[in-house]
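> Mind looking at a prediction? Sequence and model below.
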Amino acid sequence: MGDSYSLGFQPSLYVTNKGLHLKLEKILRIFGAIDFSGNRLEGQIPESIGLLKSLIALDLSNNRFMGYIPSSLGKLTKLESLDLSRNQLSGRIPQELVTLTFLAYVNLSQNKLTGPIPQSTQIVGQNGSSFEGNVDLCGLPLEKRCFQENVQPKTQIQQSKSPKQEQVLNWKAAAIGYGPGVLFGIAIGQVIATYKPVLFFKLFRH
């Protein structure tokens, strides 16, 4: 009949429940929905969650998951509902979530997420309550706006001048230093040409 993987099984998935480390064997990859909410699960959400290609709804809310939201969630192209609320997830929301065009419901509230919310029609169209409770989260649909991160400090802009600009500045500096010397030399030459050398030396002795 073939092995379990060819029959549509994910070989295994590790979870921790109430201090016990569990290994779930032969998880069907054709699952349409997974609901592990309110089970006090802890640890990190595994990247292997992205192998469940047929997943339509994923609810891991009200647990103790920590660490980053796996970017592999972006591979769940059929996902319509995602609830990771009331955990201890941190870091940024992965940009890969913008590829989930069928996503109708998202709840990432009450975590420790930071940075800008990925901007897609599906995510921006959510209620702001789906992202509240994350103090350092910003961007639509929240009212808190993000600061422009691409603005360089003045010192950095000055340091990033092109070699051509630096060369022009060097020439200007040289001209400023060289100019008075040339003018002084011309003045001295004029004095020598106009007056007698003896008078010139008398002037500069005093």
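Perfect, I can see it now.
> Can you give me the buried ones in stretch 128-146?
130-131, 134, 137-140, 142 (16 or more other CB atoms under 10 Å). To be clear about C-beta, it is placed using only N, CA and C from the backbone, and glycine gets the same treatment.
> Could you list the low-pLDDT ranges of this protein?
1-31, 148-206 (pLDDT under 70).
> Quickly list the domain ranges of it.
9-138, 154-205 (automatic domain parsing).
> Double-check Leu108 against Ser90; I have them as touching.
No. If you go by CB atoms under 8 Å, Leu108 and Ser90 don't touch, sitting 11.6 Å apart.
> neighbour-wise, which of those two wins?
Leu108 (26 against 15; other CB atoms under 10 Å).
> Now do that one against Ser54, distance only.
Leu108 sits 22 Å away from Ser54, going by CB to CB, to the nearest Å.
> again with Val124
Distance from Val124 to Ser54, by CB to CB: 26 Å.
> swap in Gly32?
6 Å.
> Let me know whether Ile117 touches Cys138 as I believe.
Yes. The pair Ile117 / Cys138 is scored as a contact, 7.1 Å apart, by CB under 8 Å.
> so when I look at Gly91, I'm seeing a strand, right?
Yes. With DSSP: H, G, I helix; E, B strand; the rest coil as the criterion, Gly91 is part of a strand.
> now it, nearest residue through space, not along the chain?
Tyr68 (4.2 Å; CB to CB, 6 or more residues apart in numbering).
> OK, contacts around the one you found?
44, 89-92, 94 (CB atoms under 8 Å, 6 or more residues apart in numbering).
> Mark which of those are buried, thanks.
Looks like those have 89, 92 buried, using 16+ other CB under 10 Å.
> The contacts of Tyr68: which two are farthest apart?
Farthest-apart pair in the contacts of Tyr68 is Gln44 and Arg92; separation 15.2 Å (CB to CB).
> And the helices in this protein?
With DSSP state H, the ranges of helices along the chain come out as 121-124, 154-159, 163-194, 197-205.
> Quickly note the distance from the closest residue to Met66 other than its chain neighbours to Gln44.
Nearest residue to Met66 in three dimensions, chain neighbours excluded: Gln88, at 4.3 Å (CB to CB, 6+ apart). Gln88 sits at a distance of 10 Å from Gln44 (criterion: CB to CB).
> Find the residues that touch each one of those two.
Shared contacts of Gln88 and Gln44, defined by CB under 8 Å, 6+ apart, comprise 65-66.
> what sits against Met66?
Met66 touches 42-44, 87-90, counting by CB under 8 Å, 6+ apart.
> okay, these in CSV with distance to Asn63 next?
Output for the contacts of Met66, formatted as CSV (distance: CB to CB, whole Å):
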residue, distance to Asn63
Glu42, 7
Gly43, 9
Gln44, 11
Asn87, 6
Gln88, 9
Leu89, 10
Ser90, 14
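> nearest to Leu100, of the residues you listed?
Using CB to CB, the contacts of Met66 come closest to Leu100 at Leu89, 17.2 Å.
> where exactly do the strands run in the chain?
Using DSSP state E, the strands of the chain run over 9-17, 20-28, 33-35, 41-43, 57-59, 64-67, 81-83, 88-92, 105-107, 112-116, 136-138.
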